[in-house]
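[1] here are the coordinates; sequence isn't available:
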């Protein structure tokens, strides 16, 4: 099984690191993440051209191991998904928020290269269709020269030429429309995700504001009760002082009357 997997994956290491090597780095470092993005950019064309990505993630893990970073294919895949989610959210945001994402430029470069490849593919596809149109036009012209002597057959072949040309032009138009539709759907999903995050942020902010207002009201109420208790205590002390003073004066009067 190992030899078969190694033949399928030329990047696989013969002696993988022990499991404890993986557990030493629970968090992804900046250098480790940049190496992952560099490898992912290198293999992005293969990721977009095949549906079976497991061998590619194994290759990514092996290439990271060659760089001295020991991560499993599942860890690489999970980290990539997290980076894509964060990048899409930042792409939909406004202002300078992109500067807060340290890997923004690497992610933007990967998706820009992917978009350029799609555009080149669509352009080459369109060129191929145009070449076929030109070849069929030349064939149609030759047929027209041969059919000058046949009368009604000439009109029939002209109609077939026009029909073929329209069909090919329709294929190009449909391909471009499908490409634009996918782009609009992707932008709409990003916008919806950004709106959802903004709504969640506003909700948390409103809840925080209500909590702070409640704490402020509670603090003011406690201060009010404290002042009331302080005033009552001061009034009691003043009353006791007055009674004590009155008692002392009464004793002094008695003593004065006794000895005078």
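    In hand now; what should we look at? Remember, it's a predicted structure, so these values are computed and weren't measured experimentally.
[2] could you use CA atoms for every contact and neighbour count after this?
    Fine.
[3] select the longest helix from the protein.
    helix 152-259 (DSSP state H).
[4] could you give the mean pLDDT of that helix?
    The pLDDT scores in helix 152-259 average 87.
[5] distance from that helix to the middle of the chain?
    Distance, stretch centre to chain centre, for helix 152-259: 23 Å (Cα atoms, centre = their mean, to the nearest Å).
[6] that one - contacts with which helices or strands?
    helix 73-92, helix 104-146 (3 or more Cα pairs under 8 Å, 6 or more residues apart in numbering; DSSP states H and E).
[7] mean confidence for the longest one?
    So the one you mean is helix 104-146. 64.
[8] gap between residue 192 and residue 89?
    For residue 192, the distance to residue 89 (Cα to Cα, to the nearest Å) stands at 10 Å.
[9] joint contacts of these two?
    Common neighbours of residue 192 and residue 89, using Cα atoms under 8 Å, 6 or more residues apart in numbering, do not exist here.
[10] the more surrounded of the two?
    Each of residue 192 and residue 89 has its neighbours counted (other Cα atoms under 10 Å); residue 89 has more, 18 against 14.
[11] surely that one is in contact with residue 190?
    Yes - contact criterion Cα atoms under 8 Å: residue 89 and residue 190 qualify, at 6.7 Å.
[12] got the contact list for stretch 205-216?
    In this structure, no residues lie in contact with stretch 205-216 by Cα under 8 Å, 6+ apart.
[13] next one: stretch 113-124
    By Cα under 8 Å, 6+ apart, stretch 113-124 touches 44, 45, 175, 176.
[14] out of these, which end up buried?
    The neighbour-count test (16 or more other Cα atoms under 10 Å) marks 44, 176 as buried among the contacts of stretch 113-124.
[15] would you turn the contacts of stretch 113-124 into TSV with distance to residue 55?
    Listed next are the contacts of stretch 113-124 as TSV, based on distance: Cα to Cα, whole Å:
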residue	distance to residue 55
44	13
45	14
175	31
176	32
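[16] of the contacts of stretch 113-124, closest to residue 104?
    Nearest to residue 104 among these is residue 44, at 16.7 Å by Cα to Cα.
[17] looking at the closest one now. What's its pLDDT?
    87.
[18] separation between it and residue 34?
    Taking Cα to Cα, one finds residue 44 at 15 Å from residue 34.
[19] same check, this time on residue 78
    When distance is defined by Cα to Cα, residue 78 is 15 Å away from residue 34.
[20] specify which residue of those two has the higher count of neighbours.
    More neighbours surround residue 34 than the other of residue 78 and residue 34, with 15 against 12 (other Cα under 10 Å).
[21] that one and residue 103, how far apart?
    For residue 34, the distance to residue 103 - Cα to Cα - is 8 Å.
[22] you'd agree residue 76 is up against residue 59?
    No - applying Cα under 8 Å as the test, residue 76 and residue 59 come out as separate, 10.3 Å apart.
[23] so between those two, which is more surrounded?
    residue 59 (23 against 20).
[24] residue contacts, residue 38?
    So residue 38 contacts residue 106 (Cα under 8 Å, 6+ apart).
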